[in-house]
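Quick check, what structure comes out for this input:
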Amino acid sequence: MNEREIHQYVQRYLDATNCTILEKAPDHFIVKLSPDADRALTNRPYYWGFVDRVGVEPETMSFLFVTNSKQYDQQEVSANIQQADSEFASETAEMSGSDAHLVRSLGFVPASLQEGKRYPRENLYFGARKLEQIFDAAKESGSYVCLFEQPNRRNANPFESAAYTAWLGVNLKVEYICDQKKEEIYSFGVSLITGHCVEGFHDKLLKCRLSPQLPSNIHIAKNGVTAIRALQIIEQTLERKLKQMDYGWAEQASLRLEEELDRVSSYYNKLLEHALEENKAGISEQFEQRKSEIRQQYEPRVIASAINCGIFHLEGID
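Okay, the predicted model is just below:
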């Protein structure tokens, strides 16, 4: 992720968690966290335990989130110099000659720097601890949603009701792992009326206006497929797709695994052959541990895991 993508992501997270943005610029945010965001990001379990027990109004923390530290620091230095120069000129103009001489000799501290409120600063870049906390909080809170498509125009007849179909949407991550790693993201949606499965369901949702609020003059068609059955359909669809993949990479990884095991076995077999009897047990244990580590590193495998899911009520019968 580059700085712009991080900035947009943090903006969406702050909006979604109802944080109060005190100042916003292309390279930073000054924000007062909402209670939910404070619980997720500040690691203050004792404070929130006290708030929950006593029932007092919580005092959440404020932060300076910098998404482009180089640009922010340059602008901050330039602004401070300009402000200090202007304050120095105005202050010295009002002083007597002796006072102005002392200021020039001993130095000048701008009033804005003495009085300005400071916020804890967090640089947000890919790999930063605070950004990882935001990722984890967003993943935990957004792992399941229930949303409704908002109609483009209101029905002219208030007595007519539009039919909506409930869809189970699941985003999946598939990892192809050996001594190298590749990840792919799949998005599937299954109609809970017909059981029809659609790939690229997330792209379809991007074209819809979604809200947790139920629109007026709509009704949800009766489901013919349970959520468990819909999940099985997604698993079967993904399994068929994976079976059609080229697994030449796995064959090559298996060859590298055998070569590495042969190399390690040759080393430890010679070591055991010439080792003292009391040392053989320790060497054998080390040998088995090394073989386990090599298998973990080189053994080819495919792992599929769910990222998030939800029930999406979309217009029409599908």
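
Show me what secondary structure element comes after the least confident helix or strand in the chain by mean pLDDT.
Using mean pLDDT, DSSP states H and E, the weakest-scoring helix or strand in the chain turns out to be helix 111-115, at a mean of 44. Going down the chain from helix 111-115, the next helix or strand is strand 121-123, by DSSP states H and E.

Buried ones in the following helix or strand past that next one, by neighbour count?
Sequence-wise, the next helix or strand downstream of strand 121-123 (DSSP H and E) is helix 129-141. By neighbour count on 16 or more other Cβ atoms under 10 Å, the buried set for helix 129-141 is 130, 131, 134, 137, 138. (Each C-beta comes from the backbone N, C-alpha and C, glycine too.)

Return the residues in contact with the residue lying closest to the third one once chain neighbours are set aside.
Pointing back at residue 134 there. Nearest non-adjacent residue to residue 134, counting by Cβ to Cβ, 6 or more residues apart in numbering: residue 13, 5.5 Å away. Residues near residue 13 by Cβ atoms under 8 Å, 6 or more residues apart in numbering: 37, 134, 137, 138.

any idea how far residue 13 lies from residue 136?
Distance, residue 13 to residue 136, by Cβ to Cβ, to the nearest Å: 11 Å.

Any chance you could list residues touching both of these two?
Counting by Cβ under 8 Å, 6+ apart, nothing touches both residue 13 and residue 136.

Show me what stretch 235-243 is in contact with.
172, 174, 186, 188, 197, 199, 302, 304.

Ignore what I typed, I meant stretch 30-40.
13-14, 17-24, 41-42, 44, 48, 58, 60-65, 119, 133, 136-137, 140-141.

And for stretch 159-171?
Contacts of stretch 159-171 (Cβ under 8 Å, 6+ apart): 148-149, 151, 155, 185-193, 201-202, 205, 217-221, 223, 227, 230-231, 234, 306-318.

from these, which ones fall inside helices?
Here DSSP state H is the test, and the contacts of stretch 159-171 give 201, 202, 205, 227, 230, 231, 234 as lying in helices.

and of the residues you listed, the nearest to residue 54?
residue 227 (40.1 Å; Cβ to Cβ).

Distance check, that closest one against residue 167.
11 Å.

before we move on, what about residue 195?
Distance from residue 195 to residue 167, by Cβ to Cβ: 11 Å.

who has more neighbours, those two?
Shown here are residue 195 and residue 167; by other Cβ atoms under 10 Å, residue 167 has more neighbours (24 against 14).

Just the element for the more buried one, please.
Element membership for residue 167 (DSSP H and E) is strand 162-177.

can I assume residue 51 is in contact with residue 58?
Yes: using Cβ atoms under 8 Å, residue 51 is in contact with residue 58, at 4.8 Å.

Could I get the phi/psi values of residue 199?
phi -90, psi 150 (degrees, to the nearest 10).

mind listing what it touches?
Shown in contact with residue 199 (Cβ under 8 Å, 6+ apart): 186, 187, 188, 237.

Give me the pLDDT for it.
Per-residue pLDDT puts residue 199 at 94.

what pairs with it across the strands?
Counting by DSSP bridges, residue 199 is bridged to residue 188.

ok, now how distant is it from residue 260?
In terms of Cβ to Cβ, residue 199 sits 37 Å off from residue 260.

coming back round to it: which two of the contacts of stretch 235-243 have the greatest separation?
Across these (Cβ to Cβ), the longest gap, 20.1 Å, separates 197 and 302.

Give me the more crowded residue out of these two.
residue 197 (17 against 13).

Would you enumerate the residues in contact with that one?
188, 189, 190, 233, 234, 237 are the contacts of residue 197 under Cβ under 8 Å, 6+ apart.

repeat for residue 257
So residue 257 contacts 178, 294, 295, 298, 299, 300 (Cβ under 8 Å, 6+ apart).

Tell me the secondary structure at the residue nearest to the fifth one when sequence neighbours are not counted.
If I follow you right, that is residue 299. Ranked by Cβ to Cβ, 6+ apart and with sequence neighbours excluded, the top spatial neighbour of residue 299 is residue 257, at 5.9 Å. Look at residue 257: counting by DSSP: H, G, I helix; E, B strand; the rest coil, its state is helix.

And the pLDDT at residue 257?
93.

hey, where'd the helices end up in the stretch 1-150 of the chain?
3-16, 35-41, 45-54, 69-94, 97-106, 111-115, 129-141 (DSSP state H, counting those that start in this stretch).
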